[in-house]
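Asker: Generate a structure from the sequence data that follows.
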Amino acid sequence: MTKKRSLSTQVLAGVLIGIATGLFFGEDVGWMSVPGDAFIGLLQMTVLPYIMLSLIVNIGRLSPDTGKRMVKYGLLFLGLLLLMGLLYLLILPLSFPAWSTGSFYSSEFVQPPAPFDFVKNYIPANPFESMSNNVVPAAVLFSIFVGLGVMRLPGKETLLGPMDVMIAALNQVNKMIVRITPYGVFFISAGVVSKLSWTDLSRLQGYLLVYIVVVLLLTFLVLPYIISVFTPYSPKTVFRITRSTLLTIFTTGKIIVVFPQLIEDIKEIIRSDESNEKMEREVDILMPLAYPFPNLGTLMIFVFVPFAAWFTGHALPFSKTPAFLSTTLLSSFVAPVTGLPFTLHLLNIPGDTFNLFMISTVITDRFRVVLGAFHLITLTLLTVTASAGMLRMKRSKAVRGGLTVFLALALTITGVNLLIRESMKNIPTNKERINTFRLISPVRPSRVLERAAPNPRPRWHGENDLSRIKRRGRLRVGYYRNSMPFAFRNSDSLLVGYGIDLAHQLAADLKVSLEFVPVEPGRLIYGMQHDYYDIIMSDIFLSSRYAEELMLSKPYLEVSLALITPKENNDFDDYQSAAKLDTFNISYFERQEIAEEFLSFLPHGHAWPITDLDQFFHQDQDDSVHYDAHLTSAERASALTIFYPDYKMVNPLPYHIRNSLVFPLNKDDVWRRYIDKWIDYRTGDGTFKRIYDQWILGYEYQREKKTWSILHNVILPRLRHKNDEEKK
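Answerer: Prediction:
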């Protein structure tokens, strides 16, 4: 007779088989996420009613003295656990070695952080809305107040008795669903792994390594030691009873889906030492009460903040540590997807890093919820043990545990630092990434002139620019040298960038070749009036002077003004600091009226025109004027930090000055009307967005490409190669 496998063994088998299936078949089994989501929905079905009924019943039967004691100990141990988590957040950034890089532009630069809506998440103004939207904290608070109301009612058992029956029924339903967990986790694992982008995850290896290591350290060493030192329960017993539940939590990425089962596990841990009905009843109250509060799993996810600062070359200074820790504690009351953008924005860390975080959640969410679940187990066991008067500190074990934890943390910091230092050799910097970007538009034959000169084919009498371009078969496009990310030469000396990409698309639509003509600083109007260019496709601000002298296309992009300044210069980080300066100098290109508008907010500043970026980035002590910052668009400033990683982008003004970019043209209505219609058409079909996303935001355009799988990337290519060899 074969021995029946335990549920935890079956769940682990389901996870491993699912991972293998996803790796082997890749996107072909992406559909498996649908039954996986259905399984998660079934698990969630009974959870919120179970939590609410348990709170009402158990608080209703609670004596005021017991309730006060539980709350006191619960808050004490919660505070101590979170304090330990903040200490780890303070130490973990030591794992990140020296790294210098800039960052792409992010729309977060001009968007205020999403407000932290405490009332909506925690105050049940409409409890039925909170229940229907699964706002657990608000539903819990509603249940607490109902339980307190029932506590002093005479004849309350008339209400609580039927509720007990309903709780038991929900428990039975949950147990029925748990039986199919091995199949559910198989579908979830296969669906998740089939869609993993290993290229994106490779950029996150430093963060993933630090987070996963600290989760394993806290879950399997620190918290078990705390349980063994202060309570009568051994870590071995705790893991034996909870392992199948923790595996299910890991696979689903959610604690709440098996919340009733987790409560039953903790009761079983209590019974393993000595049956205590009072302590078991307190578990029914404590677990739902503790769930809405921050846990170590969510708190530790905020190690992404110092990682994002490090990864983008904006390492957090020690002076910002109090702001980081306090903001993290506040933000941990909500889901990371809500709290992290708020923290990143507050600490002036580029918001585009949040997109990296969203990619990482495919993996980190699984570890986060496991640590969160073990946090709840530890908090509950400590609280009910203290409430029962059984809390004792085993001194010898505490000393051994403290030394073990300290040594493990030190080895972790050192080891992870060395691993990241080694793996960084394979992590491309943003400069390396942008140099690998290729033009999205159809590439047309082109040549780049070294010097600007008039068009060798003058217009015939009465001929418009569009007709001449067609007759000549060549489009002359003006561009500024080194105006990244709009136009620049990459590491292969190819002329690329946002404006260059658009030029190739325009030439492809006209079915002509290209001639790129450099625009000399200060001679844009002269060159256009003397027929040097058909169109200038660089970052040209809309201005009254250009409108008077030239024909301008309709705006095609709105940008914000910003300064680029050395990282160590904090004078322009905010308006209050900049306004206190007695005097300062900023440089700018050509747009004097825009510089004057910028300085209207800071009257002690002076603006100076320059003709080359080297005048700002390579200043000498002997220069007559020292420039503290350079004024340009935020889009260009971000790109410049990539090529000059010792600089940063800031906006010291109380609000963002916006301006539009246009294409300067010769005074020709036919050509202007064509360009305006072309802008409308190529905006509508997504061309402008695709090019913007790559060159400005840094999201490399990927044509249809399947994720890596054993079947499609290993087996089938080998079979095709074998067939080709046999045919030969």
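Asker: what number of residues lie near the residue nearest to Lys689 when sequence neighbours are not counted?
Answerer: Counting by C-beta to C-beta, 6 or more residues apart in numbering, Lys689 lies nearest to Thr683, which is 7.7 Å off, once chain neighbours are set aside. Every C-beta, even on glycine, is put in place using the N, C-alpha and C of the backbone. Neighbourhood size, Thr683 [other C-beta atoms under 10 Å]: 13.
Asker: would you say Thr683 is within a helix?
Answerer: Yes - Thr683 forms part of a helix when assessed by DSSP: H, G, I helix; E, B strand; the rest coil.
Asker: how far away is it from Ser228?
Answerer: As for Thr683, its distance to Ser228 is 64 Å (criterion: C-beta to C-beta, to the nearest Å).
Asker: for Leu371, same thing?
Answerer: Leu371 is 18 Å from Ser228, where distance means C-beta to C-beta.
Asker: Between those two, tell me which one has more neighbours.
Answerer: Under the criterion of other C-beta under 10 Å, the comparison of Leu371 against Ser228 puts Leu371 first, with 26 against 19.
Asker: Let's verify that one: helix, strand, or coil?
Answerer: Look at Leu371: counting by three-state DSSP, its state is helix.
Asker: Flag the helix or strand of this protein with the lowest per-element mean pLDDT.
Answerer: helix 198-202 (a mean of 60; mean pLDDT, DSSP states H and E).
Asker: for the protein, which strand is longest?
Answerer: Longest strand in the chain, counting residues (DSSP state E): strand 557-566.
Asker: ok, and what's touching it?
Answerer: The contact list for strand 557-566 (C-beta atoms under 8 Å, 6 or more residues apart in numbering) reads 109-110, 539, 541, 571-572, 586, 594, 598, 628-635, 637, 640-641, 644, 646-653, 656-661, 688, 692.
Asker: Please spell out the ChimeraX selection for the buried subset of these.
Answerer: In ChimeraX, this line selects whichever of the contacts of strand 557-566 come out buried by 16 or more other C-beta atoms under 10 Å:
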select :109,110,539,541,572,586,594,598,628,629,630,631,632,633,634,635,637,640,641,644,647,648,649,650,651,652,653,659,661,688,692
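Asker: the domain parsing of the chain - what is it?
Answerer: 197-427, 434-555+663-695, 562-661 (automatic domain parsing).
Asker: helices and strands around the helix or strand harbouring Asn171, which ones?
Answerer: Per DSSP states H and E, Asn171 falls inside helix 157-178. Judged by 3 or more C-beta pairs under 8 Å, 6 or more residues apart in numbering; DSSP states H and E, helix 157-178 is in contact with helix 33-44, helix 47-60, helix 259-273.
Asker: quick one: which of the ones you listed is nearest Ile285?
Answerer: For those, the distance to Ile285 is smallest for helix 47-60, at 4.4 Å, taking C-beta to C-beta.
Asker: pLDDT score for Thr237?
Answerer: Reported pLDDT at Thr237 in the predicted model: 93.
Asker: For it, grab the count of nearby residues.
Answerer: Thr237 has 16 neighbouring residues, counting by other C-beta under 10 Å.
Asker: pLDDT below threshold where in the stretch 401-550 of the chain?
Answerer: Scanning the stretch 401-550 of the chain for pLDDT under 70 picks out the ranges 424.
Asker: rerun at 90
Answerer: For the stretch 401-550 of the chain, residues meeting the criterion pLDDT under 90 lie at 401-406, 408-433, 457-459, 461-463, 481-483, 491, 520-523, 538-539, 542-550.
Asker: Now Ser238: which helix or strand?
Answerer: Careful, residue 238 is Val; it's not Ser. helix 235-252.
Asker: hmm, back to that, give me the mean pLDDT for the helix holding Asn171.
Answerer: Here the average pLDDT along helix 157-178 is 85.
Asker: buried stuff in that helix?
Answerer: 160, 163, 167, 170-171, 173-174, 177-178.
Asker: Now do stretch 510-519: distance from first to last residue.
Answerer: Counting by C-alpha to C-alpha, to the nearest Å, you get 23 Å between the two ends of stretch 510-519.
Asker: so how far is that stretch from its chain's centroid?
Answerer: Counting by C-alpha atoms, centre = their mean, to the nearest Å, stretch 510-519 is centred 39 Å from the centre of its parent chain.
Asker: And stretch 688-702, by the same measure?
Answerer: Distance of stretch 688-702 from the chain centroid (C-alpha atoms, centre = their mean) equals 18 Å.
Asker: Mind listing what's buried along that stretch?
Answerer: 688, 690-698.
Asker: before we move on, back to that, show me the contacts of strand 557-566 that map onto helices.
Answerer: 594, 598, 634-635, 637, 640-641, 688, 692 (DSSP state H).
Asker: will you turn these into CSV that also has pLDDT and distance to Phe239?
Answerer: Conversion of the ones in helices among the contacts of strand 557-566 to CSV gives the following (pLDDT from 0 to 100; distance: C-beta to C-beta, whole Å):
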residue, pLDDT, distance to Phe239
Ile594, 86, 64
Phe598, 88, 61
Ala634, 90, 51
Glu635, 91, 52
Ala637, 91, 52
Leu640, 91, 52
Thr641, 89, 47
Phe688, 96, 55
Tyr692, 94, 51
